[in-house]
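> sequence plus the predicted model coming up.
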Amino acid sequence: MTTPTADTARHLAAFLRARRERLDPDDLGLPPRKQARRTPGLRREEVAELAGISVDYVVRLEQGRGLRPSADVVEALAGALRLAPVERAYLFNLAGQRPRSAEEPATTAAPPLARLVADLSPLPAMLVNHRFDVLAWNREMAGLLVDFGDLPPARRNAMWVCLAHPEVRGSYVDRTRVVREGVAHLRAAWAAHPEDRVLAALIADFTAHDEEFARWWTERDVEVNARGRKVLRHPRVGDVTVHFEVLTPMQDPDQRLVVFRPADDESRAALGRLS
(Lines give C-alpha, C1' and ligand atoms only; values in the text may rest on other atoms or scores of the structure.)
Protein backbone atom coordinates (compact mmCIF):
# COMPACT_ATOMS: atom_id res chain seq x y z
CA MET A 1 0.00 0.00 0.00
CA THR A 2 1.51 3.33 -1.03
CA THR A 3 1.48 6.47 1.08
CA PRO A 4 0.03 9.74 -0.30
CA THR A 5 3.57 10.98 -1.08
CA ALA A 6 5.13 7.73 -2.27
CA ASP A 7 4.16 7.76 -5.95
CA THR A 8 4.15 11.20 -7.54
CA ALA A 9 3.69 9.71 -11.03
CA ARG A 10 0.41 8.15 -9.91
CA HIS A 11 -0.77 11.40 -8.34
CA LEU A 12 0.29 13.34 -11.44
CA ALA A 13 -1.72 10.95 -13.61
CA ALA A 14 -4.81 11.23 -11.42
CA PHE A 15 -4.59 15.04 -11.31
CA LEU A 16 -4.29 15.33 -15.10
CA ARG A 17 -7.28 13.05 -15.60
CA ALA A 18 -9.40 14.89 -13.04
CA ARG A 19 -8.65 18.30 -14.52
CA ARG A 20 -9.22 17.07 -18.08
CA GLU A 21 -12.59 15.58 -17.18
CA ARG A 22 -13.89 18.72 -15.49
CA LEU A 23 -13.48 20.95 -18.57
CA ASP A 24 -16.41 21.74 -20.82
CA PRO A 25 -15.39 21.61 -24.51
CA ASP A 26 -17.94 24.30 -25.33
CA ASP A 27 -16.21 26.72 -22.94
CA LEU A 28 -12.96 26.27 -24.86
CA GLY A 29 -14.52 26.92 -28.25
CA LEU A 30 -13.60 23.50 -29.59
CA PRO A 31 -15.35 22.46 -32.81
CA PRO A 32 -18.19 19.93 -32.38
CA ARG A 33 -17.37 16.32 -33.13
CA LYS A 34 -19.56 13.82 -34.98
CA GLN A 35 -19.22 11.14 -32.32
CA ALA A 36 -21.05 11.65 -29.04
CA ARG A 37 -18.92 11.99 -25.93
CA ARG A 38 -19.13 8.95 -23.70
CA THR A 39 -17.23 10.58 -20.81
CA PRO A 40 -17.29 14.11 -19.39
CA GLY A 41 -14.65 16.69 -20.20
CA LEU A 42 -12.05 16.81 -22.93
CA ARG A 43 -10.69 13.88 -24.87
CA ARG A 44 -6.97 13.15 -24.58
CA GLU A 45 -6.56 14.10 -28.24
CA GLU A 46 -7.98 17.55 -27.50
CA VAL A 47 -5.64 18.08 -24.55
CA ALA A 48 -2.72 17.01 -26.73
CA GLU A 49 -3.78 19.43 -29.46
CA LEU A 50 -4.19 22.33 -27.05
CA ALA A 51 -0.85 21.60 -25.38
CA GLY A 52 1.05 20.95 -28.60
CA ILE A 53 2.24 17.49 -27.57
CA SER A 54 1.54 13.98 -28.83
CA VAL A 55 -1.54 12.03 -27.84
CA ASP A 56 0.66 9.06 -26.92
CA TYR A 57 2.56 11.22 -24.42
CA VAL A 58 -0.68 12.37 -22.77
CA VAL A 59 -1.84 8.74 -22.57
CA ARG A 60 1.40 7.64 -20.90
CA LEU A 61 1.27 10.51 -18.43
CA GLU A 62 -2.29 9.62 -17.46
CA GLN A 63 -1.28 6.00 -17.03
CA GLY A 64 1.38 6.99 -14.50
CA ARG A 65 4.27 5.35 -16.32
CA GLY A 66 6.90 7.31 -14.41
CA LEU A 67 7.56 9.95 -17.05
CA ARG A 68 9.11 13.24 -15.94
CA PRO A 69 7.76 15.92 -18.28
CA SER A 70 9.92 18.96 -18.94
CA ALA A 71 9.05 22.38 -17.58
CA ASP A 72 7.86 23.43 -21.06
CA VAL A 73 5.51 20.44 -21.28
CA VAL A 74 4.15 21.10 -17.78
CA GLU A 75 3.55 24.74 -18.72
CA ALA A 76 1.75 23.68 -21.89
CA LEU A 77 -0.45 21.22 -19.97
CA ALA A 78 -1.27 23.85 -17.35
CA GLY A 79 -2.42 26.18 -20.11
CA ALA A 80 -4.38 23.50 -21.95
CA LEU A 81 -6.17 22.45 -18.75
CA ARG A 82 -6.84 26.08 -17.73
CA LEU A 83 -5.25 25.56 -14.32
CA ALA A 84 -5.54 28.20 -11.62
CA PRO A 85 -2.21 29.51 -10.21
CA VAL A 86 -2.29 27.21 -7.19
CA GLU A 87 -3.14 24.21 -9.42
CA ARG A 88 -0.31 25.15 -11.78
CA ALA A 89 2.15 25.24 -8.88
CA TYR A 90 0.85 21.86 -7.70
CA LEU A 91 1.35 20.35 -11.18
CA PHE A 92 4.93 21.63 -11.32
CA ASN A 93 5.62 20.15 -7.88
CA LEU A 94 4.23 16.76 -8.91
CA ALA A 95 6.39 16.84 -12.05
CA GLY A 96 9.49 17.81 -10.06
CA GLN A 97 10.00 20.92 -12.15
CA ARG A 98 10.54 24.57 -11.33
CA PRO A 99 7.87 26.91 -12.73
CA ARG A 100 8.64 30.14 -14.46
CA SER A 101 7.10 33.24 -12.94
CA ALA A 102 3.44 33.18 -13.85
CA GLU A 103 2.91 36.92 -13.48
CA GLU A 104 4.81 40.15 -13.82
CA PRO A 105 6.56 41.31 -10.63
CA ALA A 106 4.36 43.37 -8.36
CA THR A 107 4.84 47.11 -8.88
CA THR A 108 1.85 48.33 -6.87
CA ALA A 109 0.57 47.22 -3.50
CA ALA A 110 -2.44 44.92 -3.40
CA PRO A 111 -5.16 47.10 -1.79
CA PRO A 112 -5.86 44.72 1.11
CA LEU A 113 -2.15 44.60 1.91
CA ALA A 114 -1.82 48.38 1.71
CA ARG A 115 -4.65 48.67 4.25
CA LEU A 116 -2.96 46.07 6.45
CA VAL A 117 0.26 48.10 6.44
CA ALA A 118 -1.68 51.13 7.65
CA ASP A 119 -3.61 49.09 10.23
CA LEU A 120 -0.37 47.74 11.76
CA SER A 121 0.32 51.19 13.22
CA PRO A 122 1.93 51.89 15.70
CA LEU A 123 4.31 49.16 14.51
CA PRO A 124 6.52 50.34 11.62
CA ALA A 125 5.56 48.33 8.53
CA MET A 126 6.11 48.37 4.78
CA LEU A 127 5.37 46.26 1.75
CA VAL A 128 8.13 45.34 -0.73
CA ASN A 129 8.49 43.12 -3.79
CA HIS A 130 11.34 40.72 -4.58
CA ARG A 131 13.44 43.64 -5.87
CA PHE A 132 13.08 45.46 -2.51
CA ASP A 133 10.92 48.11 -4.22
CA VAL A 134 8.81 49.70 -1.48
CA LEU A 135 5.15 49.51 -2.51
CA ALA A 136 3.47 50.76 0.70
CA TRP A 137 4.54 52.03 4.11
CA ASN A 138 2.96 53.53 7.19
CA ARG A 139 3.86 56.75 9.00
CA GLU A 140 5.86 54.91 11.66
CA MET A 141 8.15 53.38 9.03
CA ALA A 142 8.46 56.77 7.37
CA GLY A 143 9.48 58.28 10.69
CA LEU A 144 12.00 55.58 11.49
CA LEU A 145 13.65 55.32 8.05
CA VAL A 146 12.51 57.82 5.43
CA ASP A 147 9.25 58.97 3.92
CA PHE A 148 9.38 57.03 0.68
CA GLY A 149 6.76 59.37 -0.76
CA ASP A 150 9.41 62.12 -0.83
CA LEU A 151 11.66 60.02 -3.06
CA PRO A 152 11.38 59.64 -6.85
CA PRO A 153 9.63 56.36 -7.71
CA ALA A 154 12.87 54.88 -9.06
CA ARG A 155 14.51 55.45 -5.64
CA ARG A 156 11.75 53.87 -3.56
CA ASN A 157 13.86 50.80 -3.03
CA ALA A 158 14.92 49.57 0.40
CA MET A 159 18.33 48.42 -0.85
CA TRP A 160 19.05 51.76 -2.51
CA VAL A 161 18.01 53.61 0.65
CA CYS A 162 20.34 51.44 2.73
CA LEU A 163 23.24 51.94 0.32
CA ALA A 164 22.90 55.50 -0.86
CA HIS A 165 20.38 57.63 1.04
CA PRO A 166 22.48 60.28 2.86
CA GLU A 167 20.45 60.11 6.08
CA VAL A 168 19.66 56.40 6.23
CA ARG A 169 22.88 54.75 5.05
CA GLY A 170 24.70 55.62 8.27
CA SER A 171 21.82 54.83 10.62
CA TYR A 172 22.42 51.07 10.88
CA VAL A 173 24.69 50.37 13.83
CA ASP A 174 25.73 47.01 12.35
CA ARG A 175 25.81 48.31 8.80
CA THR A 176 28.17 45.68 7.38
CA ARG A 177 25.92 42.81 8.43
CA VAL A 178 22.75 44.55 7.19
CA VAL A 179 24.24 45.31 3.77
CA ARG A 180 25.75 41.86 3.42
CA GLU A 181 22.43 40.17 4.26
CA GLY A 182 20.62 42.46 1.83
CA VAL A 183 23.03 41.59 -0.99
CA ALA A 184 22.65 37.86 -0.25
CA HIS A 185 18.87 38.22 -0.28
CA LEU A 186 19.01 40.09 -3.60
CA ARG A 187 21.17 37.34 -5.10
CA ALA A 188 18.57 34.75 -4.10
CA ALA A 189 15.85 36.89 -5.73
CA TRP A 190 17.98 37.26 -8.87
CA ALA A 191 18.34 33.47 -9.16
CA ALA A 192 14.60 32.97 -8.59
CA HIS A 193 13.66 35.57 -11.23
CA PRO A 194 16.21 35.22 -14.05
CA GLU A 195 13.75 36.80 -16.50
CA ASP A 196 13.46 40.04 -14.50
CA ARG A 197 15.46 42.56 -16.53
CA VAL A 198 14.61 45.41 -14.17
CA LEU A 199 16.16 43.50 -11.28
CA ALA A 200 19.23 42.68 -13.37
CA ALA A 201 19.62 46.37 -14.27
CA LEU A 202 19.23 47.36 -10.61
CA ILE A 203 21.98 44.95 -9.56
CA ALA A 204 24.23 46.18 -12.38
CA ASP A 205 23.70 49.77 -11.21
CA PHE A 206 24.51 48.89 -7.59
CA THR A 207 27.60 46.95 -8.67
CA ALA A 208 28.88 49.82 -10.83
CA HIS A 209 28.31 52.64 -8.35
CA ASP A 210 28.66 51.14 -4.88
CA GLU A 211 31.97 49.52 -3.90
CA GLU A 212 30.45 47.91 -0.82
CA PHE A 213 27.70 46.21 -2.82
CA ALA A 214 30.15 45.13 -5.54
CA ARG A 215 32.47 43.55 -2.96
CA TRP A 216 29.74 41.52 -1.27
CA TRP A 217 28.16 40.54 -4.60
CA THR A 218 31.36 38.78 -5.65
CA GLU A 219 31.16 36.65 -2.49
CA ARG A 220 28.10 34.90 -3.99
CA ASP A 221 26.44 34.47 -0.60
CA VAL A 222 22.77 33.49 -0.78
CA GLU A 223 20.40 34.08 2.12
CA VAL A 224 16.73 34.73 2.74
CA ASN A 225 16.57 36.14 6.25
CA ALA A 226 12.91 36.58 7.16
CA ARG A 227 13.44 37.20 10.87
CA GLY A 228 16.09 39.04 12.82
CA ARG A 229 17.24 42.04 14.82
CA LYS A 230 18.44 45.48 13.77
CA VAL A 231 19.70 48.51 15.65
CA LEU A 232 19.10 51.91 14.07
CA ARG A 233 20.59 55.19 15.27
CA HIS A 234 17.92 57.84 14.78
CA PRO A 235 18.91 61.53 14.87
CA ARG A 236 15.90 62.51 17.01
CA VAL A 237 15.31 59.61 19.40
CA GLY A 238 18.65 57.82 19.57
CA ASP A 239 19.21 54.08 19.22
CA VAL A 240 16.17 51.96 18.36
CA THR A 241 16.44 48.17 18.48
CA VAL A 242 13.81 46.25 16.55
CA HIS A 243 12.94 42.66 15.77
CA PHE A 244 11.79 42.32 12.17
CA GLU A 245 9.54 39.77 10.49
CA VAL A 246 9.13 39.33 6.73
CA LEU A 247 5.87 37.59 5.77
CA THR A 248 4.78 36.43 2.32
CA PRO A 249 1.01 36.54 1.62
CA MET A 250 -0.20 33.39 -0.12
CA GLN A 251 -2.53 35.38 -2.38
CA ASP A 252 0.23 37.80 -3.48
CA PRO A 253 3.50 35.84 -3.28
CA ASP A 254 5.63 38.55 -4.91
CA GLN A 255 4.81 40.98 -2.10
CA ARG A 256 6.49 40.82 1.30
CA LEU A 257 5.15 42.40 4.46
CA VAL A 258 7.98 43.76 6.63
CA VAL A 259 7.08 44.52 10.25
CA PHE A 260 9.33 46.01 12.95
CA ARG A 261 8.64 45.36 16.64
CA PRO A 262 10.47 47.13 19.46
CA ALA A 263 12.97 44.83 21.15
CA ASP A 264 12.93 46.58 24.54
CA ASP A 265 11.12 49.23 26.56
CA GLU A 266 13.53 52.01 25.53
CA SER A 267 12.95 51.24 21.85
CA ARG A 268 9.19 51.08 22.39
CA ALA A 269 9.29 54.54 23.97
CA ALA A 270 11.47 55.86 21.14
CA LEU A 271 9.04 54.59 18.51
CA GLY A 272 6.21 56.18 20.46
CA ARG A 273 7.95 59.55 20.27
CA LEU A 274 8.37 59.16 16.52
CA SER A 275 4.67 58.46 16.15
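In hand now; what should we look at?
> show me where this protein has strands.
Counting by DSSP state E, the chain has strands at residues 125-129, 134-137, 227-234, 238-247, 255-262.
> any chance of a markdown table for the ones you listed, columns mean pLDDT and mean neighbour count?
In short, each C-beta sits where N, CA and C put it, glycine included. Converted to a markdown table, the strands of the chain look like this (pLDDT from 0 to 100; neighbours: other CB atoms under 10 Å):
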| stretch | mean pLDDT | mean neighbour count |
| --- | --- | --- |
| strand 125-129 | 97 | 24 |
| strand 134-137 | 98 | 24 |
| strand 227-234 | 95 | 14 |
| strand 238-247 | 97 | 16 |
| strand 255-262 | 97 | 20 |
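> out of those, which is closest to Arg20?
Closest of the strands of the chain to Arg20 is strand 255-262, at 33.0 Å (criterion: CB to CB).
> and that closest one, which strands flank it?
Strand pairing for strand 255-262, using DSSP bridges, gives strand 125-129 (antiparallel), strand 238-247 (antiparallel).
> need the helix or strand of this protein with the lowest average pLDDT.
helix 85-95 (a mean of 88; mean pLDDT, DSSP states H and E).
> still on that earlier bit, could you dump the strands of the chain to JSON lines with distance to Pro69?
Converted to JSON lines, those look like this (distance: least, CB to CB, whole Å):
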{"stretch": "strand 125-129", "distance to Pro69": "30"}
{"stretch": "strand 134-137", "distance to Pro69": "35"}
{"stretch": "strand 227-234", "distance to Pro69": "37"}
{"stretch": "strand 238-247", "distance to Pro69": "33"}
{"stretch": "strand 255-262", "distance to Pro69": "30"}
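> quick check: longest helix in this structure by residues?
helix 175-192 (DSSP state H).
> which elements pack onto that one?
Helix 175-192 sits against helix 158-164, helix 197-209, helix 211-217, with contacts defined as 3 or more CB pairs under 8 Å, 6 or more residues apart in numbering; DSSP states H and E.
> which residues outside that helix are in contact with it?
130-132, 158-159, 162-163, 169, 172, 196, 199-200, 203, 212-213, 216-217, 219-225, 228, 230 (CB atoms under 8 Å, 6 or more residues apart in numbering).
> nothing else from me, thank you.
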